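Trainee: the following comprises the amino acid sequence and a computationally predicted model.
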Amino acid sequence: MPSIPGAEEVISSQLNAYNRKDIDEFMRWWSDDCHYLAFPNDTLCVGQADIRKRHIERFLEPDLHGELLSRMVMGNTVVDHELVTRNFPEGKGQVEVICIYEVQDGKIAKAWFKMGERRLV
């Protein structure tokens, strides 16, 4: 029986898949009934189908990339500080994001995202 990956491995793997825009590998790390929220508690997506739909559209952005600035891990909780490059309607830009992940049984069960201000580059 394969071992269950730890929280940090799960989050590293999903960020790598995000940066490769590999939707199938990205979704592998999300639980079937995961919750995807704007911090502190605004639900954006519930379940894999909603998260997949959101990211298929996001992965069409040619400059999409999440740069990990720092990471903290405590038990099953991982907090990432990222600088995300996006293609906004008004042009290419960046936004700082604090990502808080709760990992259970080797999958992301809940994730909160606190967005900074968009900056055009």
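Mentor: Sure, I can see it.

Trainee: can we go C-alpha only for contacts and neighbour counts from here?
Mentor: OK.

Trainee: beta partners of T43?
Mentor: In this entry, T43 is beta-bridged to L37, by DSSP bridges.

Trainee: longest strand in this protein, please.
Mentor: strand 91-104 (DSSP state E).

Trainee: contacts made by that strand with the rest, please.
Mentor: For strand 91-104, contacts defined as C-alpha atoms under 8 Å, 6 or more residues apart in numbering pick out 7, 10-11, 63, 76-87, 108-121.

Trainee: show the buried residues in the residues you listed.
Mentor: In the contacts of strand 91-104, burial by neighbour count holds for 7, 10-11, 77-87, 108-113, counting by 16 or more other C-alpha atoms under 10 Å.

Trainee: so where's the chain shaky on pLDDT?
Mentor: Flagging of the chain using pLDDT under 70 yields the residue ranges 1.

Trainee: which residues in it form helices?
Mentor: With DSSP state H, the ranges of helices along the chain come out as 7-20, 23-27, 48-58.

Trainee: possible to save these as CSV with distance to V97?
Mentor: Compiled in CSV, the helices of the chain are given as follows (distance: least, C-alpha to C-alpha, whole Å):
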stretch, distance to V97
helix 7-20, 13
helix 23-27, 18
helix 48-58, 15
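
Trainee: dead centre of this protein: give me the residue that sits there.
Mentor: L15 (6.4 Å; C-alpha atoms, centre = their mean).

Trainee: next up, the contacts around that residue.
Mentor: F26, G66 are the contacts of L15 under C-alpha under 8 Å, 6+ apart.

Trainee: cool, and S13?
Mentor: F26, W29.

Trainee: against R119, how distant is it?
Mentor: Distance, S13 to R119, using C-alpha to C-alpha, to the nearest Å: 27 Å.
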